[in-house]
Every structure is written in structure tokens, then in C-alpha cells.
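J.: Next comes the sequence, and after it the predicted model I'd like to discuss.
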Amino acid sequence: MNTQPKLELGINIDHVATLRNARGTIYPDPLKAARLAEEAGADLITLHLREDRRHIKDADLLALRPLIQTRMNLECAVTPEMINIACKVKPHDVCLVPEKREEVTTEGGLDVVGHFDAVKAATTQLKNVGIRVSLFIDPEEKQIQAAKDVGATVVELHTGRYADLEGDQQIQELERIRKAAQFGVSIGLRVNAGHGLHEGNVKSVAAIAELSELNIGHAIVAEALFKGWQKAITDMKSLMIQGRAHS
Ligand SMILES: CC(=O)[C@@H](O)[C@H](O)COP(=O)(O)O
Ligand SMILES: NCC(=O)COP(=O)(O)O
């Protein structure tokens, strides 16, 4: 029997909103992006409501919630404001992420070990209203164990470091992600991954048999400029299938 999880593709629509916000226009519309992504085969839609609202806005989140036909994965910081919004909107999944105002993008994983009580309280609050909780963490055993201990059932391994490295160092980081995924699954967690993935680096990550979902945004928005939104999504899915076939 094949016990390998199916590999799902979460389309992150944040940077559709970034482009819209650059001019304060109503286009490109993140709602249209989500609808077309689902038509093209996205398994879920991911969006990050940042505290500074630099891309997705509260109104986007509210309008998207009833429109999404697959699953909504809301990324947000561990703050009372964000947890209260999440509990009101009730997405299928909430992925708790670290956030720094001045960062260009999410720089590292959530330090669950260092903020154990706060992450546990947020996880419990979200679970109490029926939301599945994921924690966006670095591929480290102690963080994965802490994720399990706070009651999360999902982790998303931060692949940003893998994406930034080259050569042997990238291979080593890939091995770190593989070992982390194996450990996560061995203690009963669903293990996802994402950040910085693109057409050139996705296949090796997709080949990690323990992964259930990859969340990809920025590179798909970039590819869409040249070949169209839906083609960028179907091409990414094909590469993931090719990568998984080599696991
Ligand atoms: C947590 C994460 O990885 C995503 O939120 C994604 O990177 C898009 O958001 P930013 O570009 O704002 O980091
Ligand atoms: N959690 C990672 C994500 O949603 C997408 O990250 P990126 O592809 O925009 O870097």
C-alpha cells in the first residue's frame, strides 16, 4: 500500500495584492487570482495578513473567505489582533508565522521553543473554534517537537534558506529539510514546506516523500508576467509531480 501523502500546491496570492497596492488600484484582484488558481488546479489558497497590511488587507480576507472552494490557509503573526481576526474569519488552516516590521520577507521560522506559552495559547484559541493550526518553523527537531507539544497538528518547514543557498550547501540544507520532514511525520504531524520556491528549485523539495503541501507565491506571480497566471500554476504543479515521481 502506498502511504506517501499526496503533494498539494497552495497558491500564495500575497504578491498579487502587492502589485495592486503599488498603485492603489483595484487591479490585479486577489479574488480573481484565487478563483483562477483554483480553476488551474490549486489545492488551497494561502494568504498572509501582515500586521502592516503591506499586501493582503482585511477586506480581501473577508471577501475571499466565502469564495474559496478549496481551502483557505491564513498566515498570521502570534498577536492578539491576528488571532482574534482568525477566530472570526475561521479559515480552514491558520499558519502562525514570525513577523518583523522591517523585514522584506519572512526571514526565519517561528521560535516555538522560545515563545512556547504564547504559541500554545494562540494554538489552543484557534483549535477551540475548529481551525487546524500549522506553525511555520525552521527545519529543526527541537522546533518540530515543540510544535507538537503546543498542540499544533501541522508544521510548514521554511525553505527560504534552501532557496538562497547554492551547490553543496544547498544539498545539505535539503537533507536538513528531509530529516525534519521525516521526524515530523514520525511524531504524527502533517508536514508542509514553503518559501522562496520556484521552477528551478521545486523538484528536489517535491521529491521529499513525507511532505504533504508546498506553498508558493512570489515566483508564481513573477512567472505569470511572462506566461500567464494559470500556466504558471499548471507548470509548477507539473514540476511538483515530476519531482515527487523521483522520491
Ligand atoms: C510566511 C511566508 O513565507 C509568506 O508569507 C510569504 O513569504 C509571502 O509573504 P511575504 O513576502 O510578506 O513574506
Ligand atoms: N509560506 C510560504 C508561502 O506562502 C509562499 O512563499 P513565497 O513563495 O512567496 O516565498
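T.: Perfect, I can see it now. Treat the numbers as computed from the prediction; the structure is a model and nothing was measured. Ligands and ions are numbered 1, 2, ... in the order given.
J.: Check this structure and tell me which residue is nearest its centre.
T.: With distances taken as Cα atoms, centre = their mean, residue 215 lies nearest the centre of the chain, 4.1 Å away.
J.: ok, that one - contacts?
T.: Counting by Cβ atoms under 8 Å, 6 or more residues apart in numbering, residue 215 touches 10, 11, 12, 46, 73, 156, 192, 193, 194, 195. (Glycine included, C-beta is placed from N, CA and C.)
J.: Next one, pLDDT for the third one please.
T.: Translated: residue 12. pLDDT, residue 12: 98.
J.: can you pull the contacts of it?
T.: Remark: with contacts taken as Cβ under 8 Å, 6+ apart, residue 12 is in contact with 46, 47, 48, 194, 215, 216, 217, 218, 220.
J.: In the chain, where's the longest helix?
T.: Taking DSSP state H as the criterion, the chain has its longest helix at helix 167-186.
J.: That one: which residues count as buried?
T.: By 16 or more other Cβ atoms under 10 Å, the buried positions in helix 167-186 come out as 170, 173, 174, 176, 177, 178, 180, 181, 183, 184, 185.
J.: Is any residue of it near ligand 2?
T.: No. Contact of helix 167-186 with ligand 2 (Cβ under 6 Å from any ligand atom) is absent, the minimum separation being 13.5 Å.
J.: Let me see the mean pLDDT of that helix.
T.: pLDDT averaged over helix 167-186 gives 98.
J.: likewise stretch 53-60?
T.: The pLDDT scores in stretch 53-60 average 98.
J.: which parts of it are buried?
T.: Across stretch 53-60, burial judged by 16+ other Cβ under 10 Å covers 55, 56, 57, 60.
J.: swap in stretch 92-112?
T.: So for stretch 92-112, counting by 16+ other Cβ under 10 Å, buried means 92-99, 106, 108-110, 112.
J.: coming back round to it: for the contacts of residue 215, which one is nearest ligand 1?
T.: residue 195 (4.1 Å; Cβ to the nearest ligand atom).
J.: Next, the buried residues of stretch 159-167.
T.: 159, 160, 161, 162, 163.
J.: correction: stretch 233-242
T.: Buried-residue list, stretch 233-242, by 16+ other Cβ under 10 Å: 233, 234, 235, 236, 237, 239, 240.
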